[in-house]
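Q: everything below, folded, please.
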Amino acid sequence: MNSDNYDLIVVGSGAAGIIAAIVAAREGKKVLLLEKLSKIASKLKATGGGRCNLTNTLSNEDFMAHFGRDGRFMQDALAAFDNKALVTFMDEIGVATHAPDGFRVFPTSHSATTIIEALEKEMQRVGITTLCNQRVERILLIGEHVSGVKTQDNMLNAANVIVATGGLGYPVLGAEGDGYNLASELGHKVTDLSPAMMPLRTKEEWVKNCRADTIAKVELRVDLKKHKKLRAKGDLIFTNHGIRGPVVLDFAREITPLLKKYGEVPLLLNFTKGKNEEEIQKHFKKELANNPSLNALELVSTLLPLALSKEICNLAKIDTTIKYKKVDGKKRSKLISLLAWTPLTVNGHDGFKMAMITRGGISLKEIDPKTMQSRLIKGLYFCGEVMNLDGPCGGYNLQWSFASGYLAGKLL
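A: Numbering: from 1, shown residues only. Purely as a prediction, here's the structure:
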């Protein structure tokens, strides 16, 4: 039994938990940070391939819009701690940052280790107690107010507890859904959980022949009657079993719930930088005017990389050894149609082990956006990915973790 009393116990040492602990300690609170792994910030260390894309340069309004209909939930958190405030905070603890592409903000070292070391130094400076190898099994209550937590070793007392345990993505880095269980045991609703920000598998096997190329500005849309509005645009990479790349990682958050519902999800993809059938025909006429002897493969290759051109010609069942002008009219129409919208069928993924983010989480209706406090239990707070709010690639999710953690720690 541990008789120590804390003002705040933070469960989880990701971006949200660490900044919540620092902010509360700076306000003079006695803070204990608990981590079930042997080291803190394991997932933060892996963020952005280890480069740690902290945030981006969007205005708060544009930033929220990228989270969809629930994005405005973060209005108060961003008002308290937006991208500018995060950059200032990092500068205060000795981490210089920059936005080399004008959008994504990184530490100038391009190393997450730089950030973790600075955060650890600041936690020591403000007197935070950190205990690793501590799995929280239950949040303790007196009536409807938090009184502490129970770990596998101790009963720890605190009038406030922040749950910052993240989602289910990358279980090798400790993501096991602990926060969902802790919250649901106290009466909180946890929505359906799906892996997000991950590669997708396709039914079509021809994709493996196109792995050498990144296709820029690809547009994807879901070819299901009830979900026609779902679409995205960005760079795509083919894999041995499907597709990945920034646009796929972003779009996966829309696809994985549909995959759970329908078993497979038909997509239509435009690889020609948005050209429609009429524009493709005009392009072909121009190329043929310059060189009438071009075959279909040579013609398509003026728009796309050679490997992808071959596969689309194969889909149109065109003999690429003959001149394009001698190809049957129906097959030419089919080719142009395929170039405007190429079908692919998503039929799987690698689950949470490859997911950077979890879609779903603790219901936002049960959390006060002005404080991140539970509407059900006094002294209980949530921040970061454990809540039902996720965004695309590009620093969105890490900024949200920092902002929600800041607000929770500041307004205890």
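Q: so after the longest helix along the chain, what's the next helix or strand?
A: Ordering each helix of the chain by length in residues (DSSP state H) puts helix 246-262 first. Under the assignment DSSP states H and E, the closest C-terminal helix or strand after helix 246-262 is strand 265-270.
Q: which residues sit against the helix or strand that that following strand is followed by?
A: Following strand 265-270 in sequence order, the next helix or strand is helix 277-290 (DSSP H and E). Under the contact criterion CB atoms under 8 Å, 6 or more residues apart in numbering, helix 277-290 has outside partners 272, 275, 294, 299, 302-303, 324-325, 336-337, 339-340. (Each C-beta comes from the backbone N, C-alpha and C, glycine too.)
Q: coming back round to it: ok, and for the longest helix of the chain, which residues are buried?
A: 246-259 (16 or more other CB atoms under 10 Å).
Q: show me what it is packed up against.
A: When contacts are defined as 3 or more CB pairs under 8 Å, 6 or more residues apart in numbering; DSSP states H and E, helix 246-262 sits against strand 194-196, strand 200-202, strand 214-222, strand 231-238, strand 265-270, strand 342-348, strand 357-359.
Q: want to throw the buried residues of helix 246-262 into a markdown table with distance to Val105?
A: Shown next, in a markdown table, are the buried residues of helix 246-262 (distance: CB to CB, whole Å):
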| residue | distance to Val105 |
| --- | --- |
| Pro246 | 16 |
| Val247 | 21 |
| Val248 | 23 |
| Leu249 | 18 |
| Asp250 | 18 |
| Phe251 | 23 |
| Ala252 | 23 |
| Arg253 | 22 |
| Glu254 | 25 |
| Ile255 | 28 |
| Thr256 | 28 |
| Pro257 | 30 |
| Leu258 | 32 |
| Leu259 | 32 |
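Q: and the residues you listed, which is closest to Pro369?
A: In terms of CB to CB, no member of the buried residues of helix 246-262 lies closer to Pro369 than Arg253, at 21.0 Å.
Q: residues contacting the closest residue to the closest one other than its chain neighbours?
A: Using CB to CB, 6 or more residues apart in numbering and skipping residues adjacent in sequence, the residue nearest Arg253 is Ala196, 3.7 Å away. Applying CB under 8 Å, 6+ apart, we find Ala196 in contact with 169, 252-253, 256, 355-359, 390.
Q: circling back to that earlier point, and which of the buried residues of helix 246-262 is nearest to Phe63?
A: Using CB to CB, the buried residues of helix 246-262 come closest to Phe63 at Asp250, 14.6 Å.
Q: returning to that earlier point: bridged to the residue nearest to Arg253, which residues?
A: Ile357 (DSSP bridges).
Q: confidence score at it?
A: At Ala196, the model reports a pLDDT of 92.
Q: state the distance from it to Gly409.
A: Going from Ala196 to Gly409 by CB to CB, to the nearest Å gives 26 Å.
Q: cool, thanks, talk later.
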